[in-house]
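A.B. asks: Predicted coordinates and the sequence they were generated for:
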Amino acid sequence: MVLSALANDPELLIAASAAISVFSAALLVAWPYLARDQLSARMAQIASERERIRLRERSRLNSQSQAVSLRQEPKRLFKEIVDRFNLAKEAEGGELTHTLRMAGYRGQGPVVTFLAVRLIAPVVMFLLALFYVFVVLRLEHTFLVKLGIAVAAAWLGYYAPQLYVKNRIIKRQNAIRRAWPDALDLLLICVECGMGIESAFRKVAEEIGSQSSELAEELSLTTAELSYLQDRRRAYENLGERTGLDGVKGVVTSLIQSEKYGTPLGQSLRVLAQENRDIRMSAAEKKAAALPPKLTVPMILFFLPVLFAIIITPAVIQFMSVQ
């Protein structure tokens, strides 16, 4: 009945609409004062939760009897082998240590393990090849041929650790290369917000960890080096050496110049982020363009025979039924 009255009286409809509008505007303006402010209660709850977590973690750390070390200690067997054969001098040049750092292995433990495995693997592969050739297969070949197979297996065992480390380096660099443009965008946002470079690195490492744990590890290590190294330039250069990527080295150069001359870092980071993003897109387009040639051989071997069978089989069946 109210609706019919409003429909019959246009002035009443205009007045009702105006009243609803005024009431809505007044409610919208007064809502912040009418709503209950729960910010203080939430902040107090967060503070109590933080204190509870702090006490729990402190009790857990106090209950641990052994100290936790970030460095990997070498196994006693590997250390004895390295010391007995005097293999430690091969790592004095620093090239092996640098290679293992690029693969993500740090400390003296991985160096000792690598040297010991490179010595043990050829002997183990040689003995296994001799057992497999002479006992299991019992090949009807001359002794020199069998011995040559065993020597080839030993040679493969000598170079297997190096191939493994190179494979780890390639995978690690690919993971860092894919996440580096996004990390630069985050770093640019942090720098333009007024954060220091150490705080920016720490924040980016926390945010990028879900996408690339390798890059988060390198940025965290750089943050630590910036805190305790006297020469901050050395910390930036270590980041470029550990990753071995041109994009990272370009950013390192900009950071060093900004540290030395006081030049603004935001513009250079924006340009480098765009360049790295274009490089990533070019690499993706290159892989997409290389896909059709790679599919040619599988299509010839697997798709075309099946297609020919489907096309020719009905004709063959019809021809045989006519005969």
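C.D. replies: Thanks, I have the structure now. Numbering: from 1, shown residues only.
A.B. asks: Buried residues in stretch 178-194, which are they?
C.D. replies: Under the neighbour-count criterion of 16 or more other Cβ atoms under 10 Å, stretch 178-194 has 179-191 buried. Bear in mind the C-beta positions are built from the backbone N, C-alpha and C, glycine included.
A.B. asks: how is the chain carved up into domains?
C.D. replies: 1-59, 76-172, 178-289 (automatic domain parsing).
A.B. asks: Just give me how far the helix ranked longest in the chain sits from the chain centre.
C.D. replies: In the chain, with assignment by DSSP state H, the single longest helix is helix 143-192. Its chain's average C-alpha position is 14 Å from that of helix 143-192, according to Cα atoms, centre = their mean, to the nearest Å.
A.B. asks: And the next helix or strand past it?
C.D. replies: Sequence-wise, the next helix or strand downstream of helix 143-192 (DSSP states H and E) is helix 197-208.
A.B. asks: Now the helix or strand following that following helix - C-alpha only, CSV.
C.D. replies: Downstream of helix 197-208, the first helix or strand assigned by DSSP H and E is helix 213-228. The C-alpha coordinates for helix 213-228 follow below in CSV (Å, rounded to 0.1, in the frame of the first residue of the first chain):
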residue,chain,number,x,y,z
SER,A,213,65.1,-20.3,-1.8
GLU,A,214,68.5,-20.0,-3.5
LEU,A,215,68.2,-16.3,-4.1
ALA,A,216,66.8,-15.7,-0.6
GLU,A,217,69.9,-17.5,0.8
GLU,A,218,72.3,-15.4,-1.2
LEU,A,219,70.6,-12.1,-0.2
SER,A,220,70.6,-13.2,3.4
LEU,A,221,74.2,-14.0,3.3
THR,A,222,74.9,-10.6,1.7
THR,A,223,73.0,-8.9,4.4
ALA,A,224,75.1,-10.7,7.0
GLU,A,225,78.3,-9.7,5.2
LEU,A,226,77.2,-6.1,5.0
SER,A,227,76.8,-6.1,8.8
TYR,A,228,80.3,-7.4,9.7
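A.B. asks: Could you tell me the angle between whichever helix or strand comes after helix 213-228 and helix 197-208?
C.D. replies: The helix or strand immediately downstream of helix 213-228 is helix 232-243, counting by DSSP H and E. Counting by axes from the mean of the first three to the mean of the last three Cα atoms, to 10 degrees, helix 232-243 lies at 30 degrees to helix 197-208.
A.B. asks: neighbouring contacts of helix 232-243?
C.D. replies: For helix 232-243, the surrounding residues in contact (Cβ atoms under 8 Å, 6 or more residues apart in numbering) are 98, 101-102, 173, 176, 218-219, 221-222, 225-226, 229, 248-249, 252, 255-256, 259-260.
A.B. asks: immediately after that helix, which helix or strand?
C.D. replies: For helix 232-243, the following helix or strand on the C-terminal side (DSSP H and E) is helix 246-261.
A.B. asks: circling back: quick check: the farthest pair among the buried residues of stretch 178-194?
C.D. replies: Greatest spacing in the buried residues of stretch 178-194, by Cβ to Cβ: 179 and 191 (18.0 Å).
A.B. asks: Can you select the buried ones among the contacts of helix 232-243 for me in PyMOL?
C.D. replies: Applying 16+ other Cβ under 10 Å to those, the buried members can be selected in PyMOL as follows:
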select buried, resi 101+102+173+176+218+219+221+222+225+226+248+249+252+255+256+259
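A.B. asks: For residue 163, see how far away residue 148 is.
C.D. replies: Residue 148 sits at a distance of 21 Å from residue 163 (criterion: Cβ to Cβ, to the nearest Å).
A.B. asks: neighbour count winner among those two?
C.D. replies: Remark: of residue 148 and residue 163, residue 148 carries more neighbours, 13 against 10, as counted by other Cβ atoms under 10 Å.
A.B. asks: Phi first, then psi, for the most centrally placed residue in the chain.
C.D. replies: Note on the chain: the residue nearest the mean C-alpha position is residue 212, at 2.6 Å, using Cα atoms, centre = their mean. With angles defined as degrees, to the nearest 10, residue 212 sits at phi -150, psi 100.
A.B. asks: Thank you, goodbye.
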